[in-house]
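Asker: Quick one, structure for this:
(one chain, ligands or ions: 1)
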Amino acid sequence: MSIARLSDLADPALAPRLVIKVGSALLVGPDGVRRAWITQLVAEIAQARSRGQDVIVVSSGAIALGAATLGLEKGGRGSLADAQASAAVGQIALSGLWAELLGTHGITAAQMLLTLEDLEDRRRYLNVTATLTRLLDAGAVPVINENDSVATQEIRFGDNDRLAARVAQAAQASAVVLLSDIDGLYDRHPRLPGAKMIPVVEGVTAEVRAMASTDSNSGMGSGGMVSKLQAAEIAELAGICLVIGNGQHERPVARIVNDGIGTLFVPRRKAAARKAWLGGRLRLKGEIVVDDGAAAALGRGSSLLAKGITAVEGVFSRGDPVAIVDGEGKVLAHGLSEYDAAECAAIVGLHSSEQERVLGYSPRSSVIHRDQMVLK
Ligand code: GLU
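Answerer: As a prediction, the model looks like this:
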């Protein structure tokens, strides 16, 4: 069973973990922060949490808000230095607001500022995944933005659409909801006569890409449909659904989920997609040999623990792809190692309680986490 229609987004069994990305124009208006609207969205987030769903927020708006505070023109987008300075000012207020409003529902907010590279480099990716998982397990709502003040690349329009899709991938989310200023994807420019919204898209094909028009409606947000489709493609490759919906309404999530207004992108081959994504990273750097007990546990969907390892071969770093093989050399799985080869070798056969003494730091939950593993 997987998500097939917008109403499925409210079903914790089909959508246990949601990423909700909020565009700048929804968070910041001409008079500053749009507190009343955010309050409503936060109530919807609290509702999702009480249904048993995890929620991660990707919040834009730092540049727009900071620019208003500093009195910089062009919404802080006049130069890279303007944008970075604006983000530094806006981010504090924005995080404070999310923390305050989530707090009124007894929910702890957790700020994470990421760059796209954090999610592309395997080592950093593993840490982001571990932190997100820990936060969600502890009941917090991560509130994420790009770390604009230190980004070394040009801050590009629509960055947060892509960031939201990458975060969803790192967090193994079920779906990403992009809240913006348009109801969904139209078959042509929405202002052209006869334009029709498309309720469900199966796979971002060339035909679908041709429907995207390049200008955002509001001029304040920076997304536009092109970056949303790029985000849909990233999500699709990770086997994750993505929704484009209009946030310019009270209770925007209910409008999408209950009223069914929005475009749902479903990945073409869900199970295979995740495998392909991991597979795309797999130039194997080494081998980890496991005993029969560990081999059987992997088959049942467990993570690989040091206890079940008998030997380590090759030179690899944390985050590198390795093969897991049995005593006869048969490949059981491929996955991303949480340790480098020397650390792995040092903890071979050890219980987690014995690993800290050897490593000099508290061990990770596993040597290869099952989420970062593909069985052969
Ligand atoms: N990170 C930017 C901000 O906080 C928004 C990026 C985007 O518009 O996608 O203002």
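
Asker: Tyr125 touches Ala171, doesn't it?
Answerer: No. With contact defined as C-beta atoms under 8 Å, Tyr125 does not count as touching Ala171 (11.0 Å). Just so you know, the C-beta spots here come from the backbone N, C-alpha and C atoms, and that holds for glycine as well.

Asker: quick one: which of the two has more around it?
Answerer: Neighbours were counted for Tyr125 and for Ala171 using other C-beta atoms under 10 Å; Ala171 has more, 25 against 20.

Asker: Look up how far Arg364 lies from that one.
Answerer: 17 Å (C-beta to C-beta, to the nearest Å).

Asker: Same check on Ser302?
Answerer: 15 Å.

Asker: ditto for Val322
Answerer: For Val322 relative to Arg364 (C-beta to C-beta), the value is 15 Å.

Asker: How about Asp54?
Answerer: As defined by C-beta to C-beta, Asp54 lies at a distance of 21 Å from Arg364.

Asker: Same check on Asp82?
Answerer: 40 Å.

Asker: and Gly29, what is it in contact with?
Answerer: By C-beta atoms under 8 Å, 6 or more residues apart in numbering, Gly29 lies in contact with nothing.

Asker: One more: Ile56?
Answerer: 17-20, 132, 136, 141-142, 144, 167-168, 171, 173.

Asker: Ranking by neighbours, what's the top pick from the residues you listed?
Answerer: Busiest of those [other C-beta under 10 Å] is Val19, holding 30 neighbours.

Asker: which residues of the stretch 51-200 of the chain score low on pLDDT?
Answerer: In the predicted model, the stretch 51-200 of the chain carries pLDDT under 70 at residues 152, 154-157.

Asker: Leu27 contacts Val57, doesn't it?
Answerer: No. Leu27 lies out of contact with Val57 (C-beta under 8 Å); the separation is 10.5 Å.

Asker: The longest helix along the chain packs against which elements?
Answerer: Selection of the longest helix in the chain by residue count, based on DSSP state H, yields helix 80-103. When contacts are defined as 3 or more C-beta pairs under 8 Å, 6 or more residues apart in numbering; DSSP states H and E, helix 80-103 sits against strand 32-33, helix 35-50, strand 54-59, helix 62-70, strand 109-114, strand 141-146.

Asker: orientation of the fifth one relative to strand 141-146 in degrees?
Answerer: If I follow you right, that is strand 109-114. Counting by axes from the mean of the first three to the mean of the last three C-alpha atoms, to 10 degrees, strand 109-114 lies at 30 degrees to strand 141-146.

Asker: Sheet-wise, list the partners of strand 109-114 with their directions.
Answerer: The strands beside strand 109-114 in its sheet (DSSP bridges) come out as strand 141-146 (parallel).
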